[in-house]
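In: structure, please.
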Amino acid sequence: MRILLQFPEGLKKNALSRAQELEKEGHEVFLSSSSCYGACDLPMEEAVALKIDKLIHYGHAQFIQKELPFKVEYNEVPIAIDVQKLQSALSPLEGYKTIVLATTVQHIPQLEEMKSFLEKNGKEILIGKGKLAQYPGQVLGCDGEAAVSVSLGADAILYVGDGKFHPTGIKSSLPIFSLNPYSGECVQINDEIEKIKKRRQGTFLRALSCTNFAILLSTKPGQFAPNSAKEAKKKLEGAGLTAQILISNEFNPLSIANFPQFECYINTACPRLAEDTEMFAKPILNASDLGEFLELRKDSRRR
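Out: Numbering: from 1, shown residues only. You can find the predicted model right below:
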């Protein structure tokens, strides 16, 4: 069997040994060196060029539902943690009784164990389900609904995992705590989330003076949204603005900068891309925010 292996950056250190294991089983193996931003991001160009039989994608849960010209196997790479590390969350959570618990796919196998630990320490635990995530309690960078869907009546949200990419995507007014299961550090991150919100508001204001818009359409199989791109173009042109669709697998700030006439970008790809407005040196709005933006623009022109 001809197999292509894909690893996210943090797991590429395991690529050679896994490739050698599969070769010993008699398979022809290739490694994708492309960047990998999530379960939505499969190396389609490499897979088609090689005419592979199977792609094995490591580090994420099942995401792509549509049929592809090759088999896709998601290998979630669970990582065991010491659940006793949750002890360090008890002090920050003092005074909060009902807690929404969320984590990444790597720690989903121990979610019930985490829940039991917190319940034994006097907490009532709620676990929700996201719109795109495969499992209850699992959050993605683009889907924090597991932490929000059951938040009514909760006192706080506890995210278990390293890094801030996933928890800062949770949209809730509740106190949100992030526990690193390796270091045991537990911190409240509402201030960081508020900074992201303020940057978004600033982006809206910067975009009000723009008249030429580029709509970003990604070819990544889990992000490809041509209908959203065409609808955004229609809305912008209906408001008397200029709009064109830019299509690419990956949007590089330097490459896009070579289209100097575009003053603002409308993003139909990963919604977290809109947080990189400083990197692109121009405002980026998500397509889901376009209606709100156009209403704001209309109001500002009435004044």
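
In: what about the closest residue to residue 42 other than its chain neighbours, which SS state?
Out: Leaving aside its chain neighbours, residue 42 sits nearest to residue 221 (5.2 Å; criterion: CB to CB, 6 or more residues apart in numbering). In this view, the C-beta of every residue, glycine as well, is placed from N, C-alpha and C. Judged by DSSP: H, G, I helix; E, B strand; the rest coil, the three-state class of residue 221 is coil.

In: so what's residue 221 up against?
Out: Applying CB atoms under 8 Å, 6 or more residues apart in numbering to residue 221 gives the contacts 40-42, 44, 64, 66, 68.

In: so which of these is the closest to residue 267?
Out: Lowest distance from residue 267 to the contacts of residue 221 (CB to CB) belongs to residue 40, with 13.8 Å.

In: still on that earlier bit, so which of the contacts of residue 221 sits lowest on pLDDT?
Out: Lowest pLDDT within the contacts of residue 221 is found at residue 66 (83).

In: what sits closest to that one if chain neighbours are left out?
Out: Residue 66 sits nearest to residue 221 (CB to CB, 6+ apart), 7.2 Å away.

In: from residue 228, how far off is the one you found?
Out: The spacing between residue 221 and residue 228, counted by CB to CB, to the nearest Å, is 15 Å.

In: ditto for residue 35
Out: On the measure of CB to CB, residue 35 and residue 228 end up 23 Å apart.

In: which of the two has more residues huddled nearby?
Out: Between residue 35 and residue 228, counted using other CB atoms under 10 Å, the more crowded position is residue 228 (19 against 11).

In: the closest residue in space to the more buried one that isn't next to it in sequence: neighbour count?
Out: Nearest non-adjacent residue to residue 228, counting by CB to CB, 6+ apart: residue 268, 4.5 Å away. By the criterion of other CB under 10 Å, residue 268 has 26 neighbours.

In: what sits against residue 268?
Out: Residue 268 is in contact with 215-218, 223, 225, 228-229, 232, 287, counting by CB under 8 Å, 6+ apart.

In: okay, it: pLDDT?
Out: Confidence score, pLDDT, at residue 268: 97.

In: repeat that for residue 303.
Out: Looking at residue 303, its pLDDT is 66.
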